[in-house]
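# Provided below are the primary sequence and the corresponding predicted coordinates.
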Amino acid sequence: MGVACMRGLLGWILLVCSALVSAQPALPGEVRLVSEVWPGHTEADGSGLAWDIMRAVFEPAGLRVVVHSEPYMRSIGLVLRGRADAWIGSYAGEIAEAHYPQQAYDADPIVALGLASLSAPSRDTIGQRRLIWVRGYDYQHRLPNVQHFQEIRMRTGILQMLERGYADFYVDALSEVEAVLAESSQAQRYQVVPLLMLPLYPGFQDSPRGRELAELYDRRLLELRADGSLRALFAKWGQPYRLAMP
């Protein structure tokens with residue numbers, strides 16, 4: 001889940017979102033959040049760790065959380081156009097036109113998936129390999145000295161690309177790589193190499209309302225961390241708590 005700077009694609013994002021009518025501006029007393037569907041994190045039915053965290057943040061402050069599911073890039077466009085208050089699962093500073101809070105609600109372990117027959121890269125050497133990742137995630141801005149990479153539109157056919165030598169490694173969040181590996185009956189043919197940990201944030205609209213919501217989010221998240229409520233939500237969903245306590 002997550003991504004780096006995509007400013008060159010913002011025009012395309014806004015064009016796509018101009019045709020969307022499903023997400024409407026928030027009404028008084030509610031905060032409208034949008035996200036790609038990630039299993040156990042932001043499910044389409046409103047369940048998931050991230051949705052539970054956002055409800056724990058905003059609902060005690062009198063704001064009903066309204067969730068909406070869209071592909072990641074479309075989610076960003078909805079926020080930039082004022083059709084939603086924030087999107088979920090952003091990396092810090094990913095979109096210059098958005099407003100980011102100070103506190104991360106989770107962290108994304110980023111890994112590389114490749115054939116076990118290849119020598120394992122490190123974070124410092126991964127940039128020398130031929131890499132693929134989903135369009136918009138722009139890991140070339142997060143990994144050092146990336147030289148050869150290709151962006152793909154969907155997480156389909158990745159194992160075939162690796163098997164046929166079209167790329168050396170596929171880079172993504174651990175949860176997404178695990179989903180890709182689940183498609184194979186011979187998982188032992190592949191290796192998963194840890195690369196880095198990226199904190200996750202909601203990306204708010206850069207407006208007075210967006211900045212006010214971000215301030216509320218920061219204040220409430222610190223309270224949830226201090227009283228143990230945040231850690232309890234991670235335990236509820238069987239997820240490792242990757243945030244250092246203040």
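Perfect, thanks for sending it. Numbers count the residues shown, from 1 in each chain.

# so how many other residues sit close to residue 235?
Number of residues near residue 235 (other C-beta atoms under 10 Å) recorded here: 12. To be clear about C-beta, it is placed using only N, CA and C from the backbone, and glycine gets the same treatment.

# where does it land in three-state SS?
For residue 235, the secondary structure call by DSSP: H, G, I helix; E, B strand; the rest coil comes out as helix.

# just give me how far the longest helix belonging to the chain sits from the chain centre.
Longest helix in the chain by number of residues (criterion: DSSP state H): helix 208-226. Helix 208-226 has its C-alpha centroid displaced from the chain centroid by 19 Å (C-alpha atoms, centre = their mean, to the nearest Å).

# what residues does that helix touch?
Applying C-beta atoms under 8 Å, 6 or more residues apart in numbering, the contact partners of helix 208-226 are 31, 53, 56-58, 60-61, 63, 85-86, 98-103, 105, 202, 204, 229-231, 233, 243, 245-246.

# buried set for it?
210, 213, 214, 216, 217, 220, 221, 224, 225 (16 or more other C-beta atoms under 10 Å).

# and stretch 136-155, average pLDDT?
Taken as a whole, stretch 136-155 has a mean pLDDT of 91.

# need the residues that contact that stretch.
2-6, 9, 72-73, 91, 110, 123-124, 126-135, 158, 161, 166-167, 171-172, 176, 179-180, 195-196, 198.

# mind checking which of the contacts of helix 208-226 are in strands?
Using DSSP state E, the subset of the contacts of helix 208-226 located in strands is 31, 86, 98, 99, 202, 204.

# now do the same contact list for the fifth one.
When you say that, I think you mean residue 202. Counted by C-beta under 8 Å, 6+ apart, residue 202 has contacts 33, 54, 86, 87, 88, 90, 101, 105, 214, 217.

# just want the phi and psi numbers for the nearest residue to residue 93 once chain neighbours are set aside.
Leaving aside its chain neighbours, residue 93 sits nearest to residue 100 (6.5 Å; criterion: C-beta to C-beta, 6 or more residues apart in numbering). Dihedral angles of residue 100 (phi, psi; degrees, to the nearest 10) stand at phi -110, psi 140.

# could I have the CA atoms of the helix or strand harbouring residue 112 written out in PDB?
Using DSSP states H and E, the element containing residue 112 is strand 106-115. C-alpha atoms of strand 106-115 as PDB (Å, rounded to 0.1, in the frame of the first residue of the first chain):
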ATOM      1  CA  ASP A 106       1.100   2.300  10.700                       C
ATOM      2  CA  ALA A 107       4.200   1.400   8.700                       C
ATOM      3  CA  ASP A 108       4.600  -0.500   5.500                       C
ATOM      4  CA  PRO A 109       7.400  -3.100   5.200                       C
ATOM      5  CA  ILE A 110       8.600  -2.900   1.600                       C
ATOM      6  CA  VAL A 111      10.200  -6.000   0.200                       C
ATOM      7  CA  ALA A 112      11.500  -7.400  -3.100                       C
ATOM      8  CA  LEU A 113      10.200 -10.600  -4.600                       C
ATOM      9  CA  GLY A 114      12.400 -12.600  -7.000                       C
ATOM     10  CA  LEU A 115      13.500 -16.100  -8.000                       C
END
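
# what about that strand, average pLDDT?
The average pLDDT within strand 106-115 is 96.

# just to revisit the earlier point, which of the contacts of residue 202 lies closest to residue 40?
Closest to residue 40 out of the contacts of residue 202 is residue 88 (13.0 Å), distances taken as C-beta to C-beta.

# would you confirm that residue 87 contacts residue 79?
Yes. The criterion here is C-beta atoms under 8 Å, and residue 87 meets it with residue 79 at 5.1 Å.
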